[in-house]
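Engineer: Provide a 3D model corresponding to the input given below.
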Amino acid sequence: MDVFEAVKERGSIRKYKGEPIEQEDMEKMVEAARLAPSAKNLQPWKLVVVQDPEVLKELVPICQGQRFVEGAGAFVIGMIDGSKWSEVDLSIAMDHLSLEAVELGYGTCWIGAFDKEGLERKFGLSDGYEPLVCMTVGVPAEKPRPPTKKSVEELVEWVRVE
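Structural biologist: Below you'll find the predicted structure:
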């Protein structure tokens with residue numbers, strides 16, 4: 001699958017088969033995130049990867065009752081150091097991870113609705129990084145519904161030299 005196909009294929013998956021993710025595949029996804037560009041190549045982010053099924057169940061209340069979390073094969077917590085471009089840099093890294101997941105046959109879902117303090121308490125996250133966004137990764141039990149997207153004309157203004 002080429003990158004454009006992965007971009008077209010990717011969609012939010014909220015139903016997983018509950019199967020584990022091959023460790024080699026998870027490492028490839030994390031490597032894709034590591035290779036993402038960042039401002040001045042500072043990489044002002046960290047990832048916490050949770051793959052234990054029992055812990056995934058415990059994350060449901062922290063994620064405001066989103067039950068699909070427990071069916072995922074992994075839960076990735078994206079953390080930032082709070083520096084100027086850290087939110088942008090983490091977003092790029094997480095998107096790289098997501099696209100690699102699709103290329104490997106997995107599905108993902110970005111999660112912004114979670115109890116930050118609950119995650120920090122659960123995992124002892126207090127080393128100068130704070131959770132910004134989370135993502136489930138797993139074997140999809142559904143195909144993503146293609147959302148309606150705006151046209152290129154609605155989103156892009158071309159500046160042309162005459």
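
Engineer: Just the strands from the protein, written as ranges.
Structural biologist: Assigned by DSSP state E, the chain shows strands spanning 45-50, 74-80, 107-111, 130-138.

Engineer: want to try a markdown table for those, with mean neighbour count and distance to M26 as columns?
Structural biologist: All C-beta atoms are positioned from the backbone trio N, CA, C, and that covers glycine. Output for the strands of the chain, formatted as a markdown table (neighbours: other CB atoms under 10 Å; distance: least, CB to CB, whole Å):
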| stretch | mean neighbour count | distance to M26 |
| --- | --- | --- |
| strand 45-50 | 18 | 7 |
| strand 74-80 | 24 | 6 |
| strand 107-111 | 23 | 12 |
| strand 130-138 | 22 | 8 |
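
Engineer: which one of these lies closest to D89?
Structural biologist: strand 45-50 (5.9 Å; CB to CB).

Engineer: where does the chain have its least confident helix or strand?
Structural biologist: The weakest-scoring helix or strand in the chain, judged by mean pLDDT, DSSP states H and E, is helix 3-9 (a mean of 87).

Engineer: what packs against that helix?
Structural biologist: helix 86-103 (3 or more CB pairs under 8 Å, 6 or more residues apart in numbering; DSSP states H and E).

Engineer: Show the average pLDDT along the helix it packs on.
Structural biologist: Helix 86-103 shows an average pLDDT of 98 in the prediction.

Engineer: if we can go back for a sec, contacting residues around the least confident helix or strand of the chain?
Structural biologist: For helix 3-9, contacts defined as CB atoms under 8 Å, 6 or more residues apart in numbering pick out M1, L99, E100, V102, E103, P144.

Engineer: Could I have the buried ones of the residues you listed as ChimeraX selection syntax?
Structural biologist: The ChimeraX command for the buried members of the contacts of helix 3-9 (criterion: 16 or more other CB atoms under 10 Å) is given here:
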select :99,100,102,103,144
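
Engineer: returning to what we had before: buried residues in the least confident helix or strand of the chain?
Structural biologist: A6, E9.

Engineer: and that helix, how far from the chain's centre?
Structural biologist: Average the C-alpha atoms of helix 3-9, do the same for its chain, and the two points are 16 Å apart (CA atoms, centre = their mean, to the nearest Å).

Engineer: now swap in stretch 133-152 and tell me
Structural biologist: With CA atoms, centre = their mean, you get 11 Å for stretch 133-152.
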